[in-house]
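> test case, fold it:
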Amino acid sequence: MLLDKPHGFSSNQALQKVKWLLQAAKAGHTGTLDPLATGLLPLCFGEATKFAQYLTDADKTYIATIKFGECTTTGDAEGEVVSTQPVLCNFQQVNEACQKFTGKISQIPPMYSALKHEGKALYEYARAGVEIAREARQVTIHAIGLDRFSGDVATITVRCSKGTYIRTLAEDIGCALGCGAHLIALRRTETAGYNIDQAITLQVFEAMTDAERLACLAPPDSAISEFPAVTLSHDSAFYLRQGQPVWRAGVIPSGLLRLYDESQDFLGVGELQSDGKIAPKRLIQKINNDELAKK
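Alright, predicted model coming up:
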């Protein structure tokens, strides 16, 4: 399900609400959005949870609103202001600062994050006043577009790799301009080929009937639509479901594959081996679509 996560909900709170509405036995979200953030949050249920990692690993697009001239304890509007500086930059200077952070860059994860240290989230240490040393991580910023800049507030569109902290990016841009900055709003608009226009708000989803909610669920193979599709014979599909690598005539693309049987029933994810056989990686149980969320 493609949820437009509301402001004030953690990703897990939103997930548990939708899981309860669907009466699903198994569920998972695909990339954390802070309570401050809104926007596209794909949720996986039942057999589709087997493919959640592929969504988590996908590139993402955000619209971020940054306030310059103030630094906060958390790097966003939820923290306390700890320093202020005059904002003397113009549109061109802000844009030039943004472009310095495109490509492969290093980021130090913020203390107020869900990143774990010895089994506890960093934000738990931060709330207790404990600072934990963090190693810089390499992420990729594919593009930053400066949409608007007025006074001391800018809106940017960021297309980036997984693991990118937009709060940290906002702080780094402010530091480069010499005035400091923090994030005041964030909205995820794209991930893994899905767009925010396809998403449903929690309020609308709650008002639906059970049948309407099930009709909103996208098929599991939509989560891996970028993988090449390969159709197997009924015999090969049978042996693949038993966990055995299988042959398939013709040219097979290398890497991960979307696998189907001759009836175009989705089998799961496979991978071409060096010996030319297709090995199963993540397979789904053969069940009716109507039962998918509950299984």
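
> make it CA atoms for all contacts and neighbour counts henceforth
OK.

> residue 250: neighbouring residues, count only.
6 (other C-alpha atoms under 10 Å).

> cool, and residue 18?
The local packing count at residue 18 equals 21, with neighbours defined by other C-alpha under 10 Å.

> which helices and strands does the helix or strand encompassing it pack with?
Assignment of secondary structure by DSSP states H and E places residue 18 within helix 11-22. Using 3 or more C-alpha pairs under 8 Å, 6 or more residues apart in numbering; DSSP states H and E as the contact criterion, the secondary-structure elements in contact with helix 11-22 are strand 27-29, strand 38-45, helix 210-215.

> between those, which one is nearest to residue 267?
strand 38-45 (16.5 Å; C-alpha to C-alpha).

> in its sheet, what does the closest one sit against?
The partner list of strand 38-45 in its sheet, established with DSSP bridges, is strand 2-5 (antiparallel), strand 27-29 (antiparallel), strand 181-191 (parallel).

> tell me the spacing between the residue lying farthest from the centre of the chain and residue 267.
When each C-alpha in the chain is compared with the mean C-alpha position (C-alpha atoms, centre = their mean), residue 235 comes out farthest, at 36.7 Å. When C-alpha to C-alpha, to the nearest Å is applied, the distance between residue 235 and residue 267 equals 13 Å.

> with residue 95 instead?
In this structure, residue 95 and residue 267 are separated by 47 Å, where distance is defined by C-alpha to C-alpha.

> what about the two, which has more around it?
Ranked by neighbour count (other C-alpha under 10 Å), residue 95 and residue 267 place residue 267 first, with 23 against 19.

> could you give the backbone dihedrals for the more buried one?
Here the main-chain torsion angles of residue 267 (degrees, to the nearest 10) amount to phi -100, psi -40.

> please parse this protein into its domains.
Per automatic domain parsing, the structural domains of the chain span 2-58+193-219, 65-173, 227-291.
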